[in-house]
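> I'd like to go over a predicted model; first the sequence, then the structure.
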Amino acid sequence: MKNFRQKYFGDAAFYKMVFVIAVPIMIQNGITNFVNMLDNIMIGQIGTEAMSGVSIVNQILFVYNLCLFGAVSGAGIFTAQYYGQKNTDGIRHTVRFKLWAVIFITILTVLLCIFSGQFLINIYLTGEGSAASIQMTMASGREYMLFMLAGLPFFMITQVYGSTLRECGQTILPMKAGVAAICINLIFNYLLIYGKFGFPMLGVKGAAIATVLSRMIEAAIIVISVHRDTEKNPFVIDLYRSMTIPRDVIRRIAIKGTPLLLNETLWSAGMATLAGCYSLKGLHVVAALNISNTLCNLFHISFIAMGDAVAIIVGQILGTGDMKKAKETDTKIIVFSVLLCTFVAAFMFLIAPVFPDFYKTTEDVKQLAVKLIMISALFIPQHALLNTLYFTLRAGGKTLIAFFFDSVFIWCVSVVLAFALAKCTPLNILWIYFFVQLADGVKAVIGVILVKKGVWLHNIVE
């Protein structure tokens, strides 16, 4: 019994270390998703079409967000291990690599949304619905998308600096910047969506402007603060004196990072395609999924933060070369994440019947959203396990395995299953959604086997 406890559970000092890393990330993500939820509810007061249009565009921009995440994460594996070695030059090179990568992705995204935005939105409008509803949804989505593009450069910079700070164990500053931005977003959402206190009533356009303003504030706070404190952040010294990166560093990051970039791109595209498959059952499904996903995102912060804790803590230990400690630490974080998220899932299940009532939409959409939330709650512990397994493989540089584990699975199993069930069977959306979530159990079994074998125990910056 004692050996079991020592293997799967840590002492007070261990959990304090985990919480120091995870809690600021939870707070930042929690407040962000809470405000996004309020934002969503505010837009939902305008009408179902406006809510659906914004939801579709956010699903498209979700692909961009995860492309950025993949780009900075590839270099971030090296940042965490360089930090474990106290190698400032190495960290500086990874930041430069991140900057080049996110600039390229952002330019590509802006061009794609400007010239093909209507086509992308239209993919989600193929289900049942009146011509007038489809037209209104398209108009709202297109308007929202064009204004949101102005905020991408600021979001890009925030991702580079914020990810680097977290990989170096600094999670407080990104949290503070995020909280400030969230407050700006919430205030201007209220002022500009509804036209309060003399401000114009701009609807979905106002929501987009509020988001852009918040991203400008967040980028300014984090960049200025980092450059002011060079003692704590020595990597910014001479960071922009030259943007060149040693060829061997580019090669190593590209080898390990390219599968991550591809993974995040394909995974996010897979999630967007899944939403498209679900939408084959009608526009009311798009609205219900939007309500469900809004609440789910708020509760998913628990396992997302624990995944980040794995990447940071285990990554730094791997950088020191202590493989035994890395494996023991990883096992304890995985167990803790699953147990924590089991309690989170229970709470989410309890509030599911209440949440959709905050939206001004039809009763059938509300009832569908309640059931989707309950199904999602059942699978949160499984998501917690999958997320920590994925970040474990990634921390040791096994990015190609992580690629197959994550994005190849979603395209070859989840998307195929969802499309087949939606197109070829009379099953309603609830059973389709349930079976797609259930299929991830296969991935969980594979991930446990890989992590238990220790294929990820590598120092990649030696």
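Cool, the structure landed.
> from here on, contacts and neighbour counts on C-alpha atoms
Will do.
> Go through the protein and flag its longest helix.
helix 48-85 (DSSP state H).
> tally of neighbours for residue 239?
Neighbourhood size, residue 239 [other C-alpha atoms under 10 Å]: 16.
> And it, how far from residue 83?
16 Å (C-alpha to C-alpha, to the nearest Å).
> cool, residue 193 as well?
For residue 193, the distance to residue 83 - C-alpha to C-alpha - is 44 Å.
> Who has more neighbours out of those two?
Legend: neighbour count by other C-alpha under 10 Å for residue 193 and residue 83, higher for residue 193 (25 against 22).
> Quickly find the element holding the more buried one.
helix 172-194 (DSSP states H and E).
> Can you spell out which helices and strands pack onto that helix?
helix 12-44, helix 152-167, helix 204-228 (3 or more C-alpha pairs under 8 Å, 6 or more residues apart in numbering; DSSP states H and E).
> right, and the ones you listed - which one's nearest residue 366?
helix 12-44 (11.9 Å; C-alpha to C-alpha).
> what's the model's confidence in the closest one, averaged?
Average pLDDT, helix 12-44: 74.
> For residue 403, give me its contacts.
Contacts for residue 403 (C-alpha atoms under 8 Å, 6 or more residues apart in numbering) come out as 259, 260, 262, 263.
> hang on, isn't residue 213 packed against residue 184?
Yes: using C-alpha atoms under 8 Å, residue 213 is in contact with residue 184, at 7.3 Å.
> hey, which helix or strand in this structure has the poorest pLDDT?
helix 2-8 (a mean of 72; mean pLDDT, DSSP states H and E).
> which residues sit against that helix?
Residues contacting helix 2-8 (C-alpha under 8 Å, 6+ apart): 328, 331, 332, 335.
> got these as TSV, with secondary structure columns?
What follows is the contacts of helix 2-8, written out as TSV (DSSP: H, G, I helix; E, B strand; the rest coil):
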residue	secondary structure
328	helix
331	helix
332	helix
335	helix
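> from these, which is closest to residue 45?
Looking across the contacts of helix 2-8 and measuring by C-alpha to C-alpha, the closest to residue 45 is residue 335, at 40.8 Å.
> mind checking how far the closest one is from residue 169?
22 Å.
> Counting neighbours, what do you get for the residue nearest to residue 94 when sequence neighbours are not counted?
Among residues not flanking residue 94 along the chain, residue 75 sits closest, at 5.4 Å (C-alpha to C-alpha, 6 or more residues apart in numbering). Counted by other C-alpha under 10 Å, the residues lying close to residue 75 total 29.
> what does residue 132 give?
Residues near residue 132, counting by other C-alpha under 10 Å: 10.
> That one and residue 49, how far apart?
For residue 132, the distance to residue 49 - C-alpha to C-alpha - is 10 Å.
> my guess is residue 180 meets residue 218, correct?
Yes: using C-alpha under 8 Å, residue 180 makes contact with residue 218 at a distance of 6.9 Å.
> Comparing those two, which residue is more hemmed in?
Set side by side, residue 180 and residue 218 show more neighbours around residue 218, with 25 against 16, by other C-alpha under 10 Å.
> Report the contact partners of that one.
Taking C-alpha under 8 Å, 6+ apart as the test, what residue 218 contacts is 158, 177, 178, 180, 181.
> Widest-spaced pair of those?
158 and 180 (13.2 Å).
> okay, who's weakest in the contacts of residue 403 by pLDDT?
Among the contacts of residue 403, pLDDT bottoms out at residue 260, giving 74.
> which one is that residue nearest to, not counting chain neighbours?
residue 70 (5.2 Å).
> Now do that neighbour: how many residues are near it, please.
24.
> can you pull the contacts of it?
So residue 70 contacts 257, 260, 261, 262, 263, 264, 265 (C-alpha under 8 Å, 6+ apart).
> In strands, which of these appear?
Per DSSP state E, strands hold no members of the contacts of residue 70.
> Quickly name whichever of the residues you listed is closest to residue 392.
For the contacts of residue 70, the nearest to residue 392 is residue 260 (13.2 Å; C-alpha to C-alpha).
> one step back: you'd agree the residue nearest to residue 94 is up against residue 98?
Yes: in terms of C-alpha under 8 Å, residue 75 counts as a neighbour of residue 98; the distance is 6.6 Å.
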